[in-house]
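Asker: Sequence plus predicted model, see below.
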Amino acid sequence: MYSPQIILEAALNGLMTGAVYALIALGLTLIYGVLHIINFAHGALLTCAMFAVWVAWAWLGLDPYLVIVPLVPLMFVLGYGLQRFVIGPASHGDDGNILLVTLGLSIVLENVLLAVFQSDTRTLDTDYSFQVVALGPLLLSYPRVIGLGVAVVVTGLLWLVLNRTDTGKAIRAVAKEKLGANLVGIDVPHVYAVTFGLGCACLAVAAALLMPTFYVNPRIGGAFVLVAFTVVVLGGMGSLPGALLGGLFIGVVESLCGLLLGDSLGQIGIFLIFIAVLLVRPTGLFGAKA
Amino acid sequence: MLAVESVSKRFGGLMAVDNASLVLEPGGIIGLIGPNGAGKTTLFSMISGFVAPSDGRILFEGTDITGEEPHRRAERGIGRTFQIVQPFAGLTVCENIAVGAYLRHAKRADAIGKARDVARRVGLAAELDRPAGGLTVAGRKRLELARALATEPKLLLLDEVLAGLNPSEIRDIIPVIRGIRDEGVTILMIEHVMQAVMNLCERVYVLAQGRMIAEGKPAAVCADPRVIEAYLGHGAAARLAAEGAAHG
Amino acid sequence: MTARDLIPIVVLAVLAALLPLVVTSSPVMNFLVFTLIVALGAQGWNILGGFGGQFSFGHAAFFGTGAYVTAILQLRYGVNAWAGLLVAMAAGAAVAWTIGFLSFRSGLRGSYFALVTLAFAEVFRILANAASFTGGAAGLLIKLDVHPANLQFADRAVFYWLVLAFVTGVLLLTRWIQRSRFGAQLVAVRENEDAAKALGVDSLKVKLRAIALSGAVTALSGCLYAQYFLYIDAHIAYGSWISVELLLAPIIGGVGTVFGPVVGALTLHGLGELAKQFAGRIPGIDLIVFGSVLVLAVAFARGGILGLLERLRDRGRGMMTRGAKEVSHAGR
Ligand SMILES: Nc1ncnc2c1ncn2[C@@H]1O[C@H](COP(=O)(O)OP(=O)(O)O)[C@@H](O)[C@H]1O
Ligand SMILES: [Mg+2]
């Protein structure tokens, strides 16, 4: 039906889209692993970052990859502030409340973007948007190859931050034992906010990697947020390597489903996996923790 | 009425309960004692259906109930309290107890009536309309007892209902427990307050490191060297005996 | 149920029924009908989410099922609209029961339950958007044929009375739940599932009954939506917007209360309309208001508007009794 080359190309393309999914999921899973909350605003925050990349390109003429440099700290600060001053205080430490507050935030962010940018879909084009790299007989999109490389590097960096720095140690301490960490003098709300900031910083990178080949409109986050949840659930809530592997896997599944079922049904594979994993093994395929 | 036959429970590498057996005849108050972490609560959870045994079986009134859901066992007449109290915090005391009463009374008026009766018996009558979340420790323990009692159990499993109470509160609640027994309810109680055990229980079982190590009259069990060792550590019985001899 | 339980519901229903005699403008009637349809679906959400504590983020699955079943039965099989309404409710209950069975049996709760319901709704949306049976992306148009047998009325007020009757019916149903054994057990499961089980509550059965009822009521609101607007597509019927609306209203109004969903829906849509009046040029302004109100409600008004009112009343009473005590002290 399909030649092996087409299937292989689709799988590789999926792998590279999956790298970006992995980055988005990385932020989500980090926040889940430490704060034990599901951040519903993750998709809307990604949309914010994507618009930031677009604005920097359209108004200031900056290269999207270059935007990473100012956008990572900006998103970190935004995330830090949101957790410290809005989500934390508003939810009174209750899980259900956090779900609702982040849902409320996502509605507000999405519609503020709608108010500012209208509902138009925007793209940006760079010299390399359509460049390809030849790998034997296969032609791979250049921005996607970059995306895969950067996603792996960022996962590695995040791992280093968590395992080799004092802040990382504090984060892991809080993730394990919130009360104990509090007792030994760790400022838990600060650590929560730092974690949330790091999760958002991942989104800045993801946005910059997405924009050269993708588009943005105020509702685009919704398409990503469920995919990211799927990745997180698949990889095991809170597991960084799980998020990376899960992201790559989902990218491939989506790409192959798209090839076999057509675009309109392509995404259904993701949701069915999501439901199946939740129903059968909520701890994830790669996660061991209960 | 209840027969626990060679039941074991493994949590990962830990044998929380190891080949424990126990037999209860109808009527009376039986104690279950043992050091912390001995597996007493786990044994209760297996009897009430919250934890599935890794091995062994449990019979209630001659029927094998090992695989039954907790609510089915409650219907059969097994009531339990939780060591870590589990109130329906957002409901009033009366509504809390009524949930138990609804098991045997489908009509609201009957269930509420039953709840009021039970509340009076355990000394919660004055708190009926207060939110359960606002009760004191003693109040919450009474509420645990009241809710279980409202299901009209034949067998009542009490998990440390006296823990955390002060001596006068304990003195108040002991007659309540006796009263329940006098109505024909069989009681199996986990207790650390030894004075209460001596006072209330006709027989006690001793669990240590998951094993049932002794069984008998409270006074006899307390003098059993194996029991003393289980509580105070290896060689303690011999030391105590030696000290006793020296003083005597 | 006692007379005291019923009187507030009956009085409010009668007052609301008199409204079309005063208000005749059709935008206002449209607003009221739409808001009541949302309120009805939100009442459905509240049975499961409010009383049962199981927060669904995917009630669109039931709303959409009600809407599509209604439309498809009429268009493809020529089934009478009223019969279609009953089938739609049954279908909503069946879909809900199935989703509930799969999720509750796997022990999903809290955030996990929210996520899985969201995913189910998305699957329905994608399927409805792709299948030709459901009209695909073009959606379905119910033929305009004004006749009471077709659930289409020349006068908007009649449809308003019909929706109002259903809302009132569900208010009564909710009040009954609140006063019944089923309701007590449902609330007990919400507050502490293990404790409920120990008291003989079959928590799986109770939750399944709740989700089936919830699905039927929400499907009814979807059916009425389709009958009123005579057009649906996958985004309208199964889109996340409706899942969010149905959850917002009870949370803003008072989760787990009888009147909460109705109060919440009226407040939200009232505010949304106001925002549109003042800043109608800005797209999404009403949703910005919805989202902000949600965050504020969670932060400052747990228990929603009704919870807030109750606290105010209690404080008022507290002041009165304190005042009375002072008076009696002074008298001594
Ligand atoms: N759900 C569980 N998972 C793992 N270990 C458990 C669990 N419940 C109890 N344990 C362990 O089993 C042992 C017995 O506990 P428990 O029955 O609570 O003892 P007791 O009630 O006699 O103090 C303890 O070491 C405890 O840590
Ligand atoms: Mg114990």
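Answerer: Thanks, I have the structure now. Ligands and ions are numbered 1, 2, ... in the order given.

Asker: CA only for contacts and neighbour counts going forward, please
Answerer: Noted.

Asker: Walk me through the domains of chain B.
Answerer: For chain B, the structural domains run B:1-77+B:156-218, B:81-152, going by automatic domain parsing.

Asker: Just confirm yes or no for the first one near chain A.
Answerer: Which is domain B:1-77+B:156-218. No: Domain B:1-77+B:156-218 stays clear of chain A (C-alpha under 8 Å from any C-alpha of the partner chain), getting no nearer than 12.9 Å.

Asker: what's the span of that domain, first residue to last?
Answerer: End-to-end distance for domain B:1-77+B:156-218, by C-alpha to C-alpha, to the nearest Å: 21 Å.

Asker: Pull the distance from it to the chain's centre.
Answerer: Mean-position distance between domain B:1-77+B:156-218 and its chain equals 5 Å (C-alpha atoms, centre = their mean, to the nearest Å).

Asker: Let me know how buried the residue in chain C positioned nearest to chain B is, in neighbour terms.
Answerer: In chain C, the residue that lies nearest chain B is residue C:200 (3.9 Å; C-alpha to the nearest C-alpha). Applying other C-alpha atoms under 10 Å in any protein chain shown, we find 28 residues neighbouring residue C:200.

Asker: quick one: secondary structure of the residue lying closest to it once chain neighbours are set aside?
Answerer: If you skip the residues right next to it in sequence, residue C:200 has residue B:71 as its closest partner in space, 3.9 Å away by C-alpha to C-alpha, 6 or more residues apart in numbering or on different chains. Secondary structure for residue B:71, judged by DSSP: H, G, I helix; E, B strand; the rest coil, is helix.

Asker: follow-up on the earlier one: will you turn the domains of chain B into a markdown table that also has mean pLDDT?
Answerer: Converted to a markdown table, these look like this (pLDDT from 0 to 100):
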| stretch | mean pLDDT |
| --- | --- |
| domain B:1-77+B:156-218 | 93 |
| domain B:81-152 | 94 |
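
Asker: Pick the most deeply packed of these.
Answerer: Among the domains of chain B, the stretch with the highest mean neighbour count (mean count of other C-alpha atoms under 10 Å in any protein chain shown) is domain B:81-152, at a mean of 21.

Asker: chain center to that one: distance?
Answerer: How far domain B:81-152 lies from its chain's middle: 17 Å, per C-alpha atoms, centre = their mean.

Asker: and residue C:17, what does it touch?
Answerer: For residue C:17, the contact set (C-alpha atoms under 8 Å, 6 or more residues apart in numbering or on different chains) comprises C:161, C:164.

Asker: Checking my notes, it in a helix, right?
Answerer: Yes: per three-state DSSP, residue C:17 lies within a helix segment.

Asker: how near is it to ligand 1?
Answerer: As for residue C:17, its distance to ligand 1 is 56 Å (criterion: C-alpha to the nearest ligand atom, to the nearest Å).

Asker: And the pLDDT for residue C:283?
Answerer: For residue C:283, the model assigns a pLDDT of 83.

Asker: Just give me the neighbour total for the closest residue to it other than its chain neighbours.
Answerer: Distances taken as C-alpha to C-alpha, 6+ apart put residue A:115 closest to residue C:283, at 5.2 Å, once the chain neighbours are dropped. By the criterion of other C-alpha under 10 Å, residue A:115 has 17 neighbours.

Asker: swap in residue C:24?
Answerer: Other residues lying near residue C:24 total 12 when counted by other C-alpha under 10 Å.

Asker: what about residue B:214, which helix or strand?
Answerer: Under the criterion DSSP states H and E, the helix or strand holding residue B:214 is strand B:211-216.

Asker: thinking again about what came up before, how far away is the residue nearest to residue C:283 from residue C:287?
Answerer: In this view, residue A:115 and residue C:287 are 10 Å apart by C-alpha to C-alpha.

Asker: do residue A:224 as well
Answerer: From residue A:224 to residue C:287 the distance is 20 Å (C-alpha to C-alpha).

Asker: neighbour count winner among these two?
Answerer: Per other C-alpha under 10 Å, whichever of residue A:224 and residue C:287 has more neighbours is residue C:287, with 24 against 19.

Asker: returning to what we had before: now do the helix or strand just after the strand holding residue B:214: which elements does it pack against?
Answerer: Next in sequence after strand B:211-216, counting helices and strands by DSSP H and E, comes helix B:218-223. Secondary-structure packing of helix B:218-223 (3 or more C-alpha pairs under 8 Å, 6 or more residues apart in numbering or on different chains; DSSP states H and E): helix B:194-200, strand B:203-208.

Asker: Among these, which comes closest to chain C?
Answerer: In terms of C-alpha to the nearest C-alpha, the element of those nearest to chain C is strand B:203-208, at 23.5 Å.

Asker: how about the top helix by length along chain A: buried residues?
Answerer: For chain A, the helix with the greatest residue count under DSSP state H is helix A:4-35. Neighbour-count burial for helix A:4-35, counted by 16 or more other C-alpha atoms under 10 Å in any protein chain shown, picks out A:9-35.

Asker: Quickly find the element holding the residue in chain C that ligand 1 sits nearest to.
Answerer: The nearest approach of chain C to ligand 1 comes at residue C:194, 13.4 Å away (C-alpha to the nearest ligand atom). Assigned by DSSP H and E, residue C:194 falls within helix C:193-198.

Asker: circling back: kindly tell me how buried the residue of chain C closest to ligand 1 is, as a neighbour count.
Answerer: Neighbourhood size, residue C:194 [other C-alpha under 10 Å]: 17.

Asker: before we move on, which element is residue 115 in?
Answerer: No chain in the question, so chain A it is. Residue A:115 belongs to helix A:95-117, assigned by DSSP H and E.

Asker: that answer is for a different chain, and I need it for chain C
Answerer: Secondary-structure assignment from DSSP H and E places residue C:115 in helix C:110-130.

Asker: by contact count, what packs against that helix?
Answerer: Here helix C:110-130 touches helix A:95-117, helix A:263-266, helix A:268-280, helix C:60-77, helix C:81-105, helix C:234-238, helix C:240-253, going by 3+ C-alpha pairs under 8 Å, 6+ apart.

Asker: how about the closest residue to residue A:97 other than its chain neighbours, what does it touch?
Answerer: Excluding its sequence neighbours, the residue lying closest to residue A:97 (C-alpha to C-alpha, 6+ apart) is residue A:91, at 4.9 Å. Residues near residue A:91 by C-alpha under 8 Å, 6+ apart: A:97, A:98, A:101, C:298, C:299.

Asker: can those go into a markdown table with extra columns for neighbour count and pLDDT?
Answerer: What follows is the contacts of residue A:91, written out as a markdown table (neighbours: other C-alpha atoms under 10 Å in any protein chain shown; pLDDT from 0 to 100):
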| residue | neighbour count | pLDDT |
| --- | --- | --- |
| A:97 | 21 | 87 |
| A:98 | 25 | 88 |
| A:101 | 28 | 93 |
| C:298 | 22 | 90 |
| C:299 | 18 | 90 |
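
Asker: Quick check: the two most widely separated of those residues?
Answerer: Within those, A:98 and C:299 form the most distant pair, 10.0 Å apart (C-alpha to C-alpha).

Asker: quick revisit: the longest helix of chain A versus helix A:95-117: what angle between them?
Answerer: Helix A:4-35 runs at 120 degrees relative to helix A:95-117, counting by axes from the mean of the first three to the mean of the last three C-alpha atoms, to 10 degrees.

Asker: if you look at helix A:4-35, does any of it touch chain C?
Answerer: No: legend: contact between helix A:4-35 and chain C by C-alpha under 8 Å from any C-alpha is lacking; minimum distance shown is 11.2 Å.
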